[in-house]
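Asks: could you work out the structure for the sequence below:
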Amino acid sequence: MRFKLLRRRLTITSPRMAVRNAMPWPLRWASAAIVLGFCGAIALWAFEFGKDIAGLDGGSREEIARLRGEIAQLRDEREKTQSFLNTSASLVTAEKAAQERLAQQIKTLEQENRALKDDLGFFEKLIPSTGAEGVAIRGLQADVVAGTQLKWQVLVLQPEKNAPEFKGRLEVTVAGTHSGKPWSMALPTGPVPLQFRQYRRMEGLVDLPAQALVKTVSVKVLEGSATKAAQSINL
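Replies: Numbers count the residues shown, from 1 in each chain. Presented below is the predicted three-dimensional model:
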């Protein structure tokens with residue numbers, strides 16, 4: 001009998017026991033509130049202490065306002081600098097274009113200067129002797145270009161002062177050899193009309209036949225059927 005009672009107490013069939021807290025629930029709520037308040041006070045103290053350490057309190061608003069002002073000032077300066085850079089880039093581009101135009105103008109002027117010097121040298125050679133009268137030919141020049149063309153130029157003038165207007169023709173003749181045989185030819189268009197009072201510069205190109213070798217170039221100034229002047233050069 002005793003064994004049965006002891007086994008009943010030691011097994012799951014033993015009677016249930018309940019452990020109850022002797023503290024009333026109002027005291028438990030008060031204790032919880034005190035603990036929560038204490039934790040909140042510690043958290044607030046830690047927050048305030050952290051602000052003091054970081055220096056966020058005591059003039060932080062003024063510091064933030066000052067920093068914002070500096071940022072705004074830096075933005076204005078950046079915009080001004082960017083505007084200045086854009087203006088400078090535009091000025092550099094315009095100056096570069098002006099320099100290119102100036103270089104092109106200088107190149108053109110140099111070419112014109114060389115042409116004027118050539119003309120001056122050409123005309124200096126054509127100054128007639130004192131007391132000459134009638135039509136004269138000066139400075140006959142001819143060059144074979146690329147072996148297929150003959151470039152010629154000549155100055156025809158009347159040396160006398162207040163000379164009457166001359167009307168006539170200029171005849172150009174090219175002579176040499178073609179395929180080893182004597183050969184000559186005149187301008188394909190025939191004599192060139194010539195009309196001037198004091199002087200007239202004339203020039204032209206003549207297409208040469210293949211295997212033609214030019215040796216002499218002759219020019220004549222004709223008035224009607226009369227030859228007023230003639231000149232030849234050897235190449």
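
Asks: tell me the pLDDT of G50.
Replies: Looking at G50, its pLDDT reads 62.

Asks: same check on T13?
Replies: 52.

Asks: count the neighbours of K215 for me.
Replies: Using other CB atoms under 10 Å, K215 has 13 neighbouring residues. Every C-beta, even on glycine, is put in place using the N, C-alpha and C of the backbone.

Asks: who's in contact with it?
Replies: 175-177, 234-235 (CB atoms under 8 Å, 6 or more residues apart in numbering).

Asks: ok, now with 10 Å
Replies: 174-177, 182-184, 234-235 (CB atoms under 10 Å, 6 or more residues apart in numbering).

Asks: wait, which of these is closest to L194?
Replies: V174 (18.4 Å; CB to CB).

Asks: which strands border the helix or strand that the closest one is a member of, and is each parallel or antiparallel?
Replies: Using DSSP states H and E, V174 sits in strand 166-178. When pairs are called by DSSP bridges, strand 166-178 turns out to pair with strand 181-186 (antiparallel), strand 192-196 (antiparallel), strand 212-223 (antiparallel).

Asks: list the buried residues in stretch 217-233.
Replies: 217-222, 228-229, 231 (16 or more other CB atoms under 10 Å).

Asks: do the same with stretch 78-85
Replies: Buried, per 16+ other CB under 10 Å, within stretch 78-85: nothing.

Asks: ok, now stretch 185-199?
Replies: Result for stretch 185-199 [16+ other CB under 10 Å]: buried residues 185, 194, 196, 199.

Asks: closest to R169 out of those?
Replies: Once CB to CB is applied, the member of the buried residues of stretch 185-199 that ends up nearest R169 is L194, at 5.6 Å.

Asks: for the closest one, which residues count as its bridge partners?
Replies: Those that pair with L194 in a beta bridge, by DSSP bridges, are G168.

Asks: and it, what does it touch?
Replies: Going by CB under 10 Å, 6+ apart, the list of residues near L194 reads 135, 156, 166-171, 200, 202, 221-223, 228.
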